[in-house]
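S.K.: have a look; sequence and predicted model below, questions after that.
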Amino acid sequence: MVRQPMADYARRDYGRCPCSGVYDNRFVEVRLTIGGKVVVLTDVPQGACPVCGSRVYKAEVLERIESLMKGAKVKKAL
């Protein structure tokens, strides 16, 4: 499988929300807690509905986050 940069995922169409709105492309921060430590991912592509506020991610983005988290080693701040 060829991996694409995260920015390439955001160029894809997110389609329509069930409320009939059209998802906008945006980049967000995702905060996760791993082993009691907070990890912040920046510039994560997300679809956001301007009508109802629903948020969606492409499956490829979620798979990428999961693979990053499986190999993540959190370092202590100095």
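M.R.: Here it is on my side, so go on. Residues are numbered from 1 along each chain as shown.
S.K.: can you list contacts of stretch 52-60?
M.R.: Contact partners of stretch 52-60, identified using C-beta atoms under 8 Å, 6 or more residues apart in numbering, comprise 4, 9, 12, 14, 17-19, 21, 23, 44-49. Where you see a C-beta, it was placed from the backbone N, CA and C, and this is true even at glycine.
S.K.: repeat that for stretch 16-28.
M.R.: Here stretch 16-28 makes contact (C-beta under 8 Å, 6+ apart) with 10-11, 14-15, 42-52, 54, 56.
S.K.: now the helices for this structure?
M.R.: For the chain, the helices defined by DSSP state H cover 6-9, 59-70.
S.K.: want to throw these into TSV with distance to Glu29?
M.R.: Output for the helices of the chain, formatted as TSV (distance: least, C-beta to C-beta, whole Å):
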stretch	distance to Glu29
helix 6-9	13
helix 59-70	12
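S.K.: so for Gly36, which of those helices sits nearest?
M.R.: helix 59-70 (14.1 Å; C-beta to C-beta).
S.K.: any idea how far Arg26 is from Cys49?
M.R.: For Cys49, the distance to Arg26 (C-beta to C-beta, to the nearest Å) stands at 11 Å.
S.K.: tell me which of the two has more neighbours.
M.R.: Just comparing Cys49 and Arg26: by other C-beta atoms under 10 Å the higher neighbour count belongs to Cys49, 19 against 13.
S.K.: list the contacts for the more buried one?
M.R.: Cys49 touches Cys17, Cys19, Gly21, Val22, Tyr23, Asp24, Arg55, counting by C-beta under 8 Å, 6+ apart.
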